[in-house]
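Chemist: Please find the sequence and the predicted model below.
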Amino acid sequence: MNTWKSPRKNQHGVVYVEFLLVFPPLFILFLVILQWSLLSATNLGVKHAASTTVRSAIVVLPDDPVAYEGMPIGHIPVDGSCSDDFLGKFDKLLKKIGLQSGALPRDGKCPGGPRMAAIRFAAITRMVPFAPNAASLLPQGMASAVEALGTAGWIAGAAAYSYGATSVNFMRAPGADVPIPAVDGALYLEEGHPATVRVTYLAYCGIPIARYLMCDSSLSLSQDKNADIVRDIGNGDFTRAAAVSKRIKEGIPQMQLLRRGVGNHELLSALLLTGERFMVLSADATLPLNSAPYAYKEK
């Protein structure tokens, strides 16, 4: 009896081969959609932060100097100081809800003075929900210490990340890439003129595979050029060089504003030394700077 079968009729393993051919592209597409969704949500958060920040600015800038340690109206010193910066306010907020964060990193400075501290507080608190888990950025030993704090550790880590990753600039006009210049070490916003605020945020990309396709390395962002292109070309890979170069070129003005804006540059530098991948997002909001004069009662 002849039991020989034609190879064309032998279908054993075909399903597995088809699965291996179809699954990787679909899985990568799923990861890209997931990363895109997270970045889109973060971009909406940045737009909301800009709207909230400019609403805070038009109230804080013309407010009585008594509430801002005697800082003159509309006066924002570039290298300012104040008794209570964002992290100090956030520590108090955690204590009010019954959480102990421990020692949040503080540099003792308060860029922009007490008025800017109040304005930045509005921006940073809106970006805290979009911050990554600190354990994904810290060395193992430090990550374990943060995780041991539980909820307070997560909130404190998110606050510290947002403090370093969020920058606030007062721009000349909506959509312009030129911020208001400092005069004698301070910014001045005149009453009756529109106030344009730009919030710039360093969004963390943590989805495997998709992060390499959609986001840039911290080295590329810190050098304002695609540091990966040299490695890609050396390996004979020219597929993503043009697209990434265009993205880096378009992102340079935003990255410069992130560095030059009122923010914590030490924490920002620490984030860029982690070797992770990020995307710089920004949004503008404008409102007229018209507030009724008000004087606080003497204590």
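Modeler: Received, thanks.
Chemist: Quick one: list the elements packing against the helix or strand that contains Val54.
Modeler: For Val54, the element it lies in under DSSP states H and E is helix 14-60. Packing partners of helix 14-60 (3 or more C-beta pairs under 8 Å, 6 or more residues apart in numbering; DSSP states H and E): helix 113-127, strand 166-171, strand 194-205, helix 210-214, strand 277-288. C-beta: built from backbone N, CA, C; applies to glycine.
Chemist: Give me the mean pLDDT for that helix.
Modeler: Predicted confidence along helix 14-60 averages 89 (mean pLDDT).
Chemist: between it and strand 194-205, what angle do the directions make?
Modeler: Angle between the axes of helix 14-60 and strand 194-205 is 150 degrees (criterion: axes from the mean of the first three to the mean of the last three C-alpha atoms, to 10 degrees).
Chemist: now the angle from helix 14-60 to strand 166-171?
Modeler: Here helix 14-60 points in a direction 50 degrees away from that of strand 166-171 (the same axes, to 10 degrees).
Chemist: give me the number of residues near Ala134?
Modeler: Residues lying near Ala134 (other C-beta atoms under 10 Å) number 22.
Chemist: The residue nearest to it when sequence neighbours are not counted is in what secondary structure piece?
Modeler: Nearest residue to Ala134, sequence neighbours excluded (C-beta to C-beta, 6 or more residues apart in numbering): Gly157, at 2.8 Å. Following DSSP H and E, one finds Gly157 within helix 151-165.
Chemist: Now that helix - C-alpha only, PDB.
Modeler: Taking C-alpha atoms only, helix 151-165 is exported to PDB below (Å, rounded to 0.1, in the frame of the first residue of the first chain):
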ATOM      1  CA  THR A 151       1.200  56.400  47.000                       C
ATOM      2  CA  ALA A 152       3.100  59.300  48.500                       C
ATOM      3  CA  GLY A 153       6.300  58.100  46.700                       C
ATOM      4  CA  TRP A 154       4.500  57.900  43.300                       C
ATOM      5  CA  ILE A 155       3.000  61.400  43.800                       C
ATOM      6  CA  ALA A 156       6.300  62.900  45.000                       C
ATOM      7  CA  GLY A 157       8.100  61.300  42.000                       C
ATOM      8  CA  ALA A 158       5.500  62.600  39.600                       C
ATOM      9  CA  ALA A 159       5.800  66.100  41.200                       C
ATOM     10  CA  ALA A 160       9.600  66.100  40.900                       C
ATOM     11  CA  TYR A 161       9.400  65.000  37.300                       C
ATOM     12  CA  SER A 162       6.800  67.600  36.300                       C
ATOM     13  CA  TYR A 163       8.900  70.300  38.200                       C
ATOM     14  CA  GLY A 164      11.900  69.500  36.000                       C
ATOM     15  CA  ALA A 165      10.000  68.700  32.700                       C
END
